[in-house]
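Trainee: The following block contains a protein sequence and its predicted model.
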Amino acid sequence: MTRYVGLLRGIAPSNPAMRNANLRRVAEGVGLRDVRTVISSGNLVFDSDAEAEEVEARLEAAWPEQLGFASRSIVRSREEVDRLVAADPFAGLEHGPTSYLLVTFVQDRARWAEPPVPAPDGVAYRVVGAAHGTVLSVTDTTVRSADVMTWLEKAYGTGISSRTWRTVLRLRDALAQDR
């Protein structure tokens, strides 16, 4: 049994179909166990005997069928999240009023070994690295600039889902909680 986090893309808690109770119900319906949600933005913590890719496929098939929306569903094991956090990819940087630390999870495992795509010149965000299937970026929030999410989708396609570094730390803590 593996402990996983599911990172659902494009979840809007104001949409009744996307509320946490519905997400948990669907996840349980595809065979995931001990399903919990972490904040209201498409984060699931659960157990499964299946491989991550199989869980992703089950979830992605279930959302439109059961709740009427499509969502990329990126799944990472507790060990993968622990390795990412232990790597301390934002060492010396802070998430705060002037600096936004973003972790973008890439679904396509074939792209994990690629070097990160550099951000374009003249924008208020920069890529600081890639680690464990993620692209790590920092945005200077004091400067108005092109949208980092639009650029990430152009660079990596729609098979991505982003979280702040603070949310990743919360997910790591949720994965470590006793069931």
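Mentor: Okay, I see it.

Trainee: So the chain: which segments form each domain?
Mentor: If you go by automatic domain parsing, the domain ranges for the chain are 2-80, 88-165.

Trainee: Quick one, which of those gets closest to Gln177.
Mentor: domain 2-80 (8.1 Å; Cβ to Cβ). Any C-beta I mention is one placed from the backbone N, CA and C, and that applies to glycine too.

Trainee: Straight-line length of that closest one, end to end?
Mentor: Domain 2-80 has an end-to-end distance of 11 Å (criterion: Cα to Cα, to the nearest Å).

Trainee: quick one, which of the domains of the chain is nearest to Asp173?
Mentor: Closest approach to Asp173 among the domains of the chain (Cβ to Cβ): domain 2-80, 8.8 Å.

Trainee: Flag the shaky bits of the chain, pLDDT-wise.
Mentor: Along the chain, the parts satisfying pLDDT under 70 run over 145-146, 179.

Trainee: Tell me if I'm right that Glu56 and Arg76 touch.
Mentor: No - applying Cβ atoms under 8 Å, one finds Glu56 not in contact with Arg76, separated by 10.1 Å.

Trainee: ok so, going back, pick the most deeply packed of the domains of the chain.
Mentor: Most buried of those by mean neighbour count (mean count of other Cβ atoms under 10 Å) is domain 2-80; its value is a mean of 18.
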